[in-house]
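> I would like to see how this sequence folds:
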Amino acid sequence: MKCAAVFGSPRDGNSDVLAEEFLLEAERLGAVVERYSLRTMKFTGCIGCMACKDGRAEACILDDDLTPVLASIAAADIVLLATPVYFRDVSWLLKACLDRWYGFFGYTEGECDLRIPAGKKMVFVVTQNMPREYLNDMMRKYNTTFMQLGFDKMYPVRGCEVGDEPDAVLGRDDLLVLARETAAVVMAGRVSPADLPVYHFG
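Numbering: from 1, shown residues only. Presented below is the predicted three-dimensional model:
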């Protein structure tokens, strides 16, 4: 199975560590992983040019360091996104990347259609300082967004109350085990056990 892994943290921190724990186990089980660290890249978010919708392009028309990342995501069986929570949401780097996913949607005779194969696995690695009862709305929102893009229900690897030190998660055996066990579930093709109700916009 092909896995595209996108690291969205502005620093080499806890979300990277937790994601790498998943990826190493997935590789041990046979996954072929392509890793991308957004903080090392030069790219822009969506500029609203609509070229991906008006017939000028079949994907995002922008050509920068994110272009091969989007191609890797489109070709992957598994997509892993890793991010810390900043101000109740994903990092600005990951949000800019996600905005460019708008090009994964096309329009045919006024109808919206997907340009990437449905049924991909989404692994969403999130680290936050707040307790688990906080930010569930964020998790549901992104689960809904990914499902609209044709992904199966996401597999969350969520580290809560991890602290500020960039390697704090290394002292959390429960989270490291969760990452490895999630890799085993994904590689075995089992359905995500996560209870993530649909997020209702508005």
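
> residues in contact with Y36?
4-7, 69, 72 (C-beta atoms under 8 Å, 6 or more residues apart in numbering). No exception for glycine: its C-beta is placed from N, CA and C like everyone else's.

> would you format those residues as CSV with neighbour count included?
As requested, these are exported to CSV (neighbours: other C-beta atoms under 10 Å):
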residue, neighbour count
A4, 23
A5, 26
V6, 25
F7, 24
V69, 19
S72, 18
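
> in terms of contact, does T83 touch L135 like I think?
No: using C-beta atoms under 8 Å, T83 is not in contact with L135; the gap is 11.7 Å.

> quick one, which of these two is more surrounded?
Neighbours per residue (other C-beta atoms under 10 Å) separate T83 from L135, with T83 holding more: 30 against 18.

> is the more buried one in a helix, a strand, or coil?
Look at T83: counting by DSSP: H, G, I helix; E, B strand; the rest coil, its state is strand.

> list the contacts of it.
So T83 contacts 8-9, 15, 90-91, 94, 125-127 (C-beta under 8 Å, 6+ apart).

> tell me the one of those residues nearest A168?
Using C-beta to C-beta, T127 is the member of the contacts of T83 that lies nearest A168, at 8.7 Å.

> what is the burial count for L175?
Each residue near L175 was counted by other C-beta under 10 Å, and the total is 23.

> can you pull the pLDDT of it?
Note on L175: pLDDT of 97.

> how would you label it: helix, strand or coil?
helix.

> hang on, it packs against S15?
No: the pair L175 / S15 is not scored as a contact, 10.8 Å apart, by C-beta under 8 Å.
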